[in-house]
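# structure, please.
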Amino acid sequence: MSEWSWTPEPGSGIAMRMFAANGLEFEVAEAGSGDRLALCLHGFPELNFSWRFQMPLLAELGYRVWAPNLRGYGMSSKPDGVEAYAVPKIVGDVAALIDASGAREVLLIGHDWGAALAWAFAIGRVRPLTGLVIMNVPHPACFARELRTWKQLRKSWYMFLFQVPALPEAILGANDGAAIRRAFHGDAIDKSNFTPEVLDVYAGAARRRALTPMINWYRAAARDSFFRAERMDLPVIEVPTLMIWGEADRALDIANTRGTDRFVRDLTLRTLPNVSHWVQQEAVGPVNALLGEWITARLLNPGNAPMR
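Okay, here's the model as predicted:
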């Protein structure tokens with residue numbers, strides 16, 4: 001493992017490559033081949049490493065899988081300044097990566113911040129998608145609604161802390177990333193996939209000088225009306241969408257899923273009890289089963305009726 005990255009296991013079928021896109025360099029974990037792209041977007045404080053269990057499945061289903069370290073993460077470019085992480089710029093990264101792939105079809109998959117980015121991309125119809133998969137992040141209108149409740153506001157305390165200069169970096173970077181380690185291991189219900197070696201990957205990638213670009217995603221979002229205002233006039237997402245939600249998420253209440261079908265025409269919602277926010281890493285078997293079933297039914301056999 002490099003200071004900010006990870007090395008895929010031999011025999012995993014995953015390789016690391018660098019791609020130029022949107023004026024930046026992106027470190028991309030790649031598996032599979034072909035002109036159908038599954039683009040997997042990670043969250044905070046994760047890496048493309050968080051998709052290590054899903055990438056082989058997606059490759060088996062016939063996708064070329066790209067899991068980039070998003071701007072500010074891993075060995076990808078880390079531009080300076082909060083404005084470098086504004087929504088139009090991070091959305092532009094996704095568009096540029098899709099363009100660089102040359103794919104004829106795109107399945108967009110996101111977790112946490114990657115899911116927020118995927119929502120924004122799909123709502124803006126920036127590029128055509130054949131499918132959308134969202135894990136443990138609500139549609140922005142639903143989140144804005146719930147953020148007005150004391151229950152969700154209390155869970156989102158860290159988002160306000162992240163607006164303070166330097167302090168969150170000091171907290172998260174202290175004691176070799178002890179707080180980063182606790183965020184994964186402490187929140188997970190089933191902790192078996194969060195071994196010391198896995199925690200080392202995340203803590204190593206979030207060392208003190210790498211934390212500011214990661215936290216700047218939150219600082220930029222607080223300035224953007226897209227994530228601050230409850231907007232009921234957002235365009236309806238027309239592409240088939242799978243939403244997977246770990247019910248034991250300590251940061252995002254399951255009430256955030258309520259009303260999503262108002263904004264998504266073809267929505268399949270699946271919830272997993274006793275699973276934390278780190279859903280695709282913690283509940284690998286159930287998540288992969290849901291993902292494989294939905295892709296087969298809705299994307300590989302598109303004449304099928306929506307799953308309910």
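# just the strands in the chain please.
Under the criterion DSSP state E, the chain contains strands at 15-21, 24-31, 36-41, 64-68, 105-111, 131-135, 241-246, 267-272.
# need those in TSV (columns: distance to V198).
Where you see a C-beta, it was placed from the backbone N, CA and C, and this is true even at glycine. What follows is these, written out as TSV (distance: least, C-beta to C-beta, whole Å):
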stretch	distance to V198
strand 15-21	17
strand 24-31	15
strand 36-41	17
strand 64-68	16
strand 105-111	16
strand 131-135	18
strand 241-246	17
strand 267-272	20
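# residues contacting stretch 199-208, please?
Contacts to stretch 199-208, defined as C-beta atoms under 8 Å, 6 or more residues apart in numbering, come from residues 1, 3-6, 45-47, 49, 73-74, 169, 172-173, 176-178, 180-181, 184-185, 214.
# what's the local residue count around W157?
10 (other C-beta atoms under 10 Å).
# quick revisit: just the buried subset of the contacts of stretch 199-208, please.
4-6, 45-47, 49, 73-74, 169, 172-173, 177, 180-181, 184-185, 214 (16 or more other C-beta atoms under 10 Å).
# which ones among the contacts of stretch 199-208 map onto helices?
Per DSSP state H, helices hold the following members of the contacts of stretch 199-208: 169, 172-173, 176-178, 180-181, 184-185, 214.
# nearest to I14 among these?
F184 (20.3 Å; C-beta to C-beta).
# measure the closest residue to the closest one other than its chain neighbours to E238 for me?
Among residues not flanking F184 along the chain, F194 sits closest, at 4.9 Å (C-beta to C-beta, 6 or more residues apart in numbering). Separation of F194 from E238 (C-beta to C-beta, to the nearest Å) stands at 37 Å.
# what about these two, which has more around it?
F194 (21 against 13).
# assess the claim that A103 and L37 are in contact.
Yes - A103 lies in contact with L37 (C-beta atoms under 8 Å); the separation is 3.5 Å.
# what residues are shared contacts of those two?
Joint contacts of A103 and L37 (C-beta under 8 Å, 6+ apart) are R64.
# without its sequence neighbours, what residue ends up closest to E238?
Per C-beta to C-beta, 6+ apart, closest to E238 is R265, 5.1 Å.
# from I254, how far out is the one you found?
Taking C-beta to C-beta, one finds R265 at 22 Å from I254.
# and those two? which has more neighbours close in?
More crowded of R265 and I254, by other C-beta under 10 Å: I254, with 16 against 12.
# quick one: contacts for the closest residue to the more buried one other than its chain neighbours?
Spatial nearest neighbour of I254, excluding adjacent residues (C-beta to C-beta, 6+ apart): E247 at 5.4 Å. Counting by C-beta under 8 Å, 6+ apart, E247 touches 254, 271-275.
# returning to what we had before: how about a markdown table for the strands of the chain, with mean pLDDT added?
Listed next are the strands of the chain as a markdown table, based on pLDDT from 0 to 100:
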| stretch | mean pLDDT |
| --- | --- |
| strand 15-21 | 96 |
| strand 24-31 | 97 |
| strand 36-41 | 98 |
| strand 64-68 | 98 |
| strand 105-111 | 98 |
| strand 131-135 | 98 |
| strand 241-246 | 98 |
| strand 267-272 | 98 |
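# CSV for those, including mean neighbour count?
Shown next, in CSV, are the strands of the chain (neighbours: other C-beta atoms under 10 Å):
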stretch, mean neighbour count
strand 15-21, 14
strand 24-31, 23
strand 36-41, 26
strand 64-68, 26
strand 105-111, 25
strand 131-135, 26
strand 241-246, 25
strand 267-272, 18
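# closest to L299 out of these?
strand 131-135 (4.9 Å).
# mind listing the strands the closest one pairs with, and their directions?
Partners of strand 131-135 in the sheet, by DSSP bridges, are strand 105-111 (parallel), strand 241-246 (parallel).
# how far away from the center of its chain is that strand?
10 Å (C-alpha atoms, centre = their mean, to the nearest Å).
# mind saving the C-alpha coords of stretch 272-280 as CSV?
Extracted in CSV, the C-alpha atoms of stretch 272-280 (Å, rounded to 0.1, in the frame of the first residue of the first chain):
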residue,chain,number,x,y,z
LEU,A,272,-31.3,-4.4,5.3
PRO,A,273,-32.0,-4.7,9.1
ASN,A,274,-29.0,-4.7,11.5
VAL,A,275,-26.7,-3.3,8.8
SER,A,276,-24.8,0.0,9.3
HIS,A,277,-24.1,2.9,6.9
TRP,A,278,-21.1,0.9,5.5
VAL,A,279,-23.6,-1.3,3.8
GLN,A,280,-21.7,-2.7,0.8
